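Enquirer: Got a predicted structure here, sequence first:
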Amino acid sequence: MALDVCSKNYERGILLCDVGRYAEGLRSFNKAKECLDETNADHKQQHALILIAKGGALNLVGEHSPQSHSKLKYKDALKCFDKAIEILQQTGQKEYLALAFHNKGYTHGNMREYEEASKFLGQALTYYEELNESDGGKFNAEHANTLRNRGFVTAMLNWDKQAFSKEGYDKAIEDLDRAIRIDPSLSIAYNTKGYVYEIFGEYENAKKWFDRAIKRDPYLAVAWYNKGYVTFEMENNGNFNDGIKKKEKYQEAIKYIDNAIIIDPKISYEWYYKGCVLYRGLRKYQEALKCFDKALEIDPNFAYAWYNKGLVLIELENYREAIECFDGAVKCLDSAEKEKIALVLFGKATALDSLGEKDETYYLDALNCFGKVIEIFEDIRRNNPNNETRNDVNTWLALSYQGKGFTYGNLKQYKDALEWFSRALTCYHETYKNEAGEVRREYTNTLRNMGFVHSKLYEYEKAEQCFMESVTIDPGFGYAWNSKGFYTLEHHSNSSEKLTEAVIDFDKAIKCFEEDKNTSNLEAHMFYPYYYKGRILYLLKDYDAAIKCFDNSLRIRPDDIEARFGKGLSYYSIAKENSEKNGSAYEMRLFEEAIKCFDESIQISPCYLGWYYKAVTLYSMKRYEEAAKSFEETTKLRPDDVYAWYYKALALYSATRYAEAVQCFDVIYDTFKRKKIMTRSW
């Protein structure tokens, strides 16, 4: 009777685990175990099988738990397998011993203890080889699957140690080839072989093996997912340089991941990686957010999903919610995962820095976060036994130095900013160029930032040296040319020679952005060189060319007030310059174009300059009543601007509203008396 109840609970537990109800399955196995007399020799085999099943259920619960909790589950699973092995070694049942050793190795693999995993999988293989010799291949499927798992952990052992040795790679492939020879129908082995090629960077081979896995099992979701993953990573590693080709590959990757989702929509990492492709590839931020939310709905403890959701929210300038996501990611990570925690804190620091403009305390919080990131990465460098630091650690350390420098710059603590930028440059010198021999853009960006900080400290010669060095070492970087031109505009606006050089700088920036096949959303980057070039051409009185530049910038950002305002000023200036040459009709048409631009800028945002120059234009057209109304709006926005009051007085005087004009002059007198004279700048 007890064995019948035990068997029913055992079978029920197996069924519950098969449908993903692991916690309930675990309870059924516990009930089955309670029915047994552990001292009864007849119950030993059943006891061992229940322990193996319970260990398997604990493993599955661990795989769906936060890492801090999953480790406990894995340790409990190992205790079950150890007890089962102890019992089975007494009974000598090789079939179940092989299963127990396999599951023990698999659990160590989940714990990333790959050496232990390989050892116990090897013991399982010894039993399966003996069983197959005596039973004519009865256990081929189990033998092949164990080889498949050992091939996987061998590859991960090399990858986890950053060793990437050919010997380890060959051993992994050898196990997988043996698995496929023993059981050619084992589709998951084809997938695993593709995965090994993937982690060693052989994406073309990886994709071929994922295709073979899918051919044998079109419903193998993980193979579709991996095929989507590797399709995207092939693009990220520079296989496709054409922008249209890139977009096609991103969409192709999503198609494969969607196939995986259709087959099994409850796998969190499928939704997560679809979100990554939408975010990093197609820049479809809202769609990416939905995918990350779906991943978190399935697994609320998915740290990477929280992290990437935070990054997307930064792109959408939703910094407060981004910070909440980064905090959520940290909660999901084990305290020992220092490097991952550092990356999350870097994202949080970036979001905090973006909020600092409205509240300086956020800058201080950002500095604190960057400090923690730096502490972690510097600790990794110190504790490296071979005194060799991975390039990615150096890069993140340099980025953190740079981030701290940028935040100090925002706090106007420029000497501190320079100190941290200098540290970043020193760190970048160790990884000055990438594997393709190209200068790292992070290095060039640091030089640009140093240039702006030197200019804030009135160290103009040093500033110019930084900008010159940035374009010299990285002449294909559009932002380097853009920064050099902007610096000239800000500090040499009275030198036509320097401004002409800046026009050339902006032309080079535009050309760089046009030729850059690796930067997403290129047009958005091209706004600045078009806009600043327009400003310089305006200062050089080349108004027609300025209008063309402002039109180009407005094509990219139709709602940009400054560009629309610059276009209006250019029309106004042409009208004033050509009023006597071309006659009043031509002059009026140009003034109307200017007013149209100023009206459009006011509709976007009722800015002072829009109203002021609309009023000035109306005054120039002798439309004095309308000019007076516009000057009225101007004085509401800036009550102490004596120029607005002065021209308002002139407009009222010209409209024969003398008493009101006198009142305006009284305001001007009082303002001068209080020494609150406002000046205009653009």
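Expert: In hand now; what should we look at?
Enquirer: can you tell me the average pLDDT over the strand or helix carrying Ala295?
Expert: Under the criterion of DSSP states H and E, Ala295 resides in helix 285-298. If you average the pLDDT over helix 285-298, you get 95.
Enquirer: Tell me what angle whichever helix or strand comes after it forms with helix 285-298.
Expert: Next along the chain after helix 285-298, taking DSSP H and E as the criterion, comes helix 303-315. Comparing the axes of helix 303-315 and helix 285-298 via axes from the mean of the first three to the mean of the last three Cα atoms, to 10 degrees yields an angle of 150 degrees.
Enquirer: starting at the chain centroid, how far to the next helix or strand after helix 303-315?
Expert: If you walk from helix 303-315 toward the C-terminus, the next helix or strand you reach (DSSP H and E) is helix 319-332. Mean C-alpha position of helix 319-332 versus that of the full chain (Cα atoms, centre = their mean, to the nearest Å) differs by 14 Å.
Enquirer: hang on, the earlier thing: give me the residues contacting the helix holding Ala295.
Expert: For helix 285-298, contacts defined as Cβ atoms under 8 Å, 6 or more residues apart in numbering pick out 266-269, 271-272, 274-276, 278-279, 302, 305-306, 308-309, 312-313, 315-316. In short, each C-beta sits where N, CA and C put it, glycine included.
Enquirer: List the buried residues for it?
Expert: For helix 285-298, burial by neighbour count (16 or more other Cβ atoms under 10 Å) applies to 285, 287-289, 291-292, 294-296, 298.
Enquirer: Now for the residues you listed: which two are most distant?
Expert: The most widely separated members of the buried residues of helix 285-298, counting by Cβ to Cβ, are Tyr285 and Ile298 (20.8 Å).
Enquirer: Check for me that Asp559 belongs to a helix.
Expert: No: assessed with DSSP: H, G, I helix; E, B strand; the rest coil, Asp559 is coil; it does not lie in a helix.
Enquirer: Please look at it and Ile604 and confirm they touch.
Expert: Yes: the pair Asp559 and Ile604 qualifies as a contact (Cβ atoms under 8 Å) at a distance of 5.3 Å.
Enquirer: export the buried residues of helix 285-298 to JSON lines and tack on distance to Met111?
Expert: Output for the buried residues of helix 285-298, formatted as JSON lines (distance: Cβ to Cβ, whole Å):
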{"residue": "Tyr285", "distance to Met111": "36"}
{"residue": "Glu287", "distance to Met111": "35"}
{"residue": "Ala288", "distance to Met111": "31"}
{"residue": "Leu289", "distance to Met111": "32"}
{"residue": "Cys291", "distance to Met111": "29"}
{"residue": "Phe292", "distance to Met111": "27"}
{"residue": "Lys294", "distance to Met111": "28"}
{"residue": "Ala295", "distance to Met111": "23"}
{"residue": "Leu296", "distance to Met111": "24"}
{"residue": "Ile298", "distance to Met111": "22"}
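Enquirer: Just want the phi and psi numbers for Glu459.
Expert: Backbone geometry at Glu459, expressed as degrees, to the nearest 10, gives phi -100, psi 70.
Enquirer: Buried residues in the helix or strand encompassing Asp666, which are they?
Expert: Under the criterion of DSSP H and E, Asp666 resides in helix 658-674. Residues of helix 658-674 classed as buried: 661, 664-665, 667-668, 671 (neighbour count, 16+ other Cβ under 10 Å).
Enquirer: That one: how far from the chain's middle?
Expert: That offset, for helix 658-674, works out to 56 Å (Cα atoms, centre = their mean).
Enquirer: quick one on the thing from earlier: sort out which of the contacts of helix 285-298 are buried, if you could.
Expert: Using 16+ other Cβ under 10 Å, the buried ones in the contacts of helix 285-298 are 267-269, 271-272, 274-276, 278-279, 302, 305-306, 308-309, 312-313.
Enquirer: so what's Asn578 up against?
Expert: Going by Cβ under 8 Å, 6+ apart, Asn578 touches 586-587, 590.
Enquirer: Select from the residues you listed the one having the most neighbours.
Expert: Within these, most neighbours by other Cβ atoms under 10 Å means Leu590, with 23 neighbours.
Enquirer: which non-adjacent residue is nearest that residue?
Expert: In space, and not counting its chain neighbours, Leu590 is closest to Ala575: 3.6 Å by Cβ to Cβ, 6 or more residues apart in numbering.
Enquirer: tally of neighbours for that neighbour?
Expert: Ala575 has 23 neighbouring residues, counting by other Cβ under 10 Å.
Enquirer: got a list of what the nearest residue to Asn205 once chain neighbours are set aside touches?
Expert: Computed as Cβ to Cβ, 6+ apart, the closest residue to Asn205 that is not its neighbour in sequence is Tyr197, at 4.2 Å. Contacts for Tyr197 (Cβ under 8 Å, 6+ apart) come out as 203, 205-206, 209.
Enquirer: What distance do you get for the residue nearest to Leu316 when sequence neighbours are not counted to Thr146?
Expert: Spatial nearest neighbour of Leu316, excluding adjacent residues (Cβ to Cβ, 6+ apart): Tyr285 at 5.5 Å. Note on Tyr285: its distance to Thr146, by Cβ to Cβ, to the nearest Å, is 44 Å.
Enquirer: so what's Ile257 up against?
Expert: Ile257 touches 224-225, 228-229, 270, 273-274, 277, counting by Cβ under 8 Å, 6+ apart.
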